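Chemist: curious how this folds, go ahead:
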Amino acid sequence: MRQGDVVELVKDRLLPAFFQEKARLDRIDLWYRWQHEDIKMPRTANPEMRALAELSKTPWLGLVVTTVAQAMYVDGYRSPDLPDNSTAWRTWQANDFDNRQIAVHRAALAYGQSYVRVLPGELNGVSTAVMRGVSPRKMLAVYAEPAEDDWPMYTIQVDKSGNDLMIQVLDEEQQYFLSTTGEGAKVTFIESRVHNAGVCPVVRYANMLDLDGRTDGEVEPFIALAGRINKTSFDRLLTQHFASWKIRTVTGMAEPDSEDEARRKKLKLRQDDLLIAEDADTKFGTLDETPLDGFIAAEESDVEKLAAVSQTPASALTGKIVNVAADALAQARAPLTQKVTERQKSMGKSHDQALRLGAALENDDAAAQDVMAHVTWQDMDIRSLSQAVDALGKAVTMLHVPPEALWARIPGVTKSDVDEWKRLVAQGDPLGNLTSMLDSQMGAGSGNQPLVGAHQ
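Modeler: Here you go, the predicted model:
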């Protein structure tokens, strides 16, 4: 695009759309990052009530995101017919995506989508593709067909630098740099750089992409329910603070002459004092405290509803697990497992797309055109080691599955562990091999008995 066309596109289309979307995402961010919207308070609310309202805020929706994110870790990238990772895996490792993937997944889960920008560059003095995750609160991608297109037409990224906003625009040819002082202000063109990617080099990671191009996250649909939980918690704290103890009452007693006299009489009254009145018509009584059981039950009910509609195990939200059998625990986690599998399909495709683009930028044509290569996910199912090993052992003995094919399914075992085990198997037992060779040579040359068991 020409310089004037870029400025016009940014000012008239991209920036207004970006700020509109950012306003929606900023509200989601408040609920995701424990800074919820305030509970509506009466005009007469005092500082004590406002302090209780702050205490009632609990980051439930952040926990919903965390529960899914902690079950999603990519540990490899290879074709089905190859035993080792693709050459594109080097780009993943060079960009430290073992770590960076976590932030990309979390942003996509929380806001509905996130992005990875892939550009030619240099890492540690070596020319390679540079992959960086970008928050949707900083970037907006524009698609001709949001539900169908793999690559956007344009993206705009806005970063604050002092009092200015620094803008980056990407299309299929170049990266453009601009600046402005705010929404509606003048946009200044700075420079452009050719990236030679052939496409707009930004990959979208969608939490749930439907056929209308909508990408719902794990926070926005549940804001109303989380607000209800906070309101119930506030009501309990309000009752606990102002009405959770018995109040002594007196009728028929002469009213103190002044406030000072009333305070002095209150100070004289202790827990074990005997109340005596000279007037026979004086009566003493109590007002019972308001029980909190109803508030606690209401909050637990709302939390269970949040667990059901978000497919989050109730134990992850409440922390309550009492004498639960392994089968029952697996059944309770089944909805989460199904949810994680769906997210892995969606975001796994995006990882594949980013790695193929990176390979193309590095002129690795074989990896760039390998559409059969896919990322592999670490098995994060929660089960005991003994149960897993017993089940895998039966698969080996009863179904004749090669043991090496099941190593990655052992809980807690990483791809690096599996690679190390395969290397050790390939090397064999060096001491045992050496002993066997010596036994063979001595037995053939001297007629002596082989040194059987010498290596044991």
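
Chemist: low-confidence ranges in the stretch 101-250 of the chain?
Modeler: Residues of the stretch 101-250 of the chain meeting the criterion pLDDT under 70: 248-250.

Chemist: would you map the strands across it?
Modeler: 113-123, 126-134, 139-142, 154-161, 164-170, 174-180, 187-194, 202-206, 247-251 (DSSP state E, counting those that start in this stretch).

Chemist: now those in TSV, with distance to Leu52 and mean neighbour count?
Modeler: Where C-beta positions appear, they are placed from N, C-alpha and C, glycine not excepted. Conversion of the strands of the stretch 101-250 of the chain to TSV gives the following (distance: least, CB to CB, whole Å; neighbours: other CB atoms under 10 Å):
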stretch	distance to Leu52	mean neighbour count
strand 113-123	36	20
strand 126-134	38	18
strand 139-142	39	22
strand 154-161	35	17
strand 164-170	39	19
strand 174-180	43	19
strand 187-194	47	13
strand 202-206	39	25
strand 247-251	20	10
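
Chemist: which of these sits closest to Ala71?
Modeler: With CB to CB as the criterion, Ala71 lies closest to strand 202-206 of those, at 15.9 Å.

Chemist: sheet partners, orientation included, of the closest one?
Modeler: Applying DSSP bridges to the sheet, strand 202-206 is found paired with strand 113-123 (antiparallel).

Chemist: can you show me the CA trace of the partner strand as CSV?
Modeler: Output of strand 113-123 as CSV, limited to C-alpha atoms (Å, rounded to 0.1, in the frame of the first residue of the first chain):
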residue,chain,number,x,y,z
GLN,A,113,-8.7,-15.2,20.7
SER,A,114,-5.0,-14.3,20.7
TYR,A,115,-2.4,-14.0,18.0
VAL,A,116,1.1,-15.1,17.1
ARG,A,117,3.1,-12.8,14.8
VAL,A,118,5.7,-14.6,12.7
LEU,A,119,8.3,-12.4,10.9
PRO,A,120,11.8,-12.9,9.5
GLY,A,121,14.5,-12.0,11.9
GLU,A,122,17.5,-13.1,13.9
LEU,A,123,17.9,-15.0,17.2
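
Chemist: quick check: closest non-adjacent residue to Leu63.
Modeler: Leu317 (6.3 Å; CB to CB, 6 or more residues apart in numbering).

Chemist: would you confirm that that neighbour belongs to a strand?
Modeler: No. Assigned with DSSP: H, G, I helix; E, B strand; the rest coil, Leu317 falls outside any strand and is helix.

Chemist: for it, what are its contacts?
Modeler: Residues near Leu317 by CB atoms under 8 Å, 6 or more residues apart in numbering: 60, 63-64, 303, 306-307.

Chemist: redo that, cut-off 7 Å
Modeler: Leu317 sits next to 60, 63, 303, 306-307 when contact means CB atoms under 7 Å, 6 or more residues apart in numbering.

Chemist: return the distance of it relative to His105.
Modeler: 20 Å (CB to CB, to the nearest Å).

Chemist: from Ala71, how far off is Gln338?
Modeler: 11 Å.

Chemist: and Lys349, by the same measure?
Modeler: 18 Å.

Chemist: so for the two, which residue has more residues nearby?
Modeler: Higher neighbour count among Lys349 and Ala71: Ala71, with 22 against 16, using other CB atoms under 10 Å.

Chemist: you'd agree Tyr32 is up against Trp60?
Modeler: No. Applying CB atoms under 7 Å, one finds Tyr32 not in contact with Trp60, separated by 10.3 Å.

Chemist: look up the closest residue to Ile296, ignoring the ones flanking it.
Modeler: Arg236 is the one closest to Ile296 (CB to CB, 6+ apart), at 6.7 Å.

Chemist: the one you found: neighbour count?
Modeler: For Arg236, the neighbour count with other CB under 10 Å is 20.
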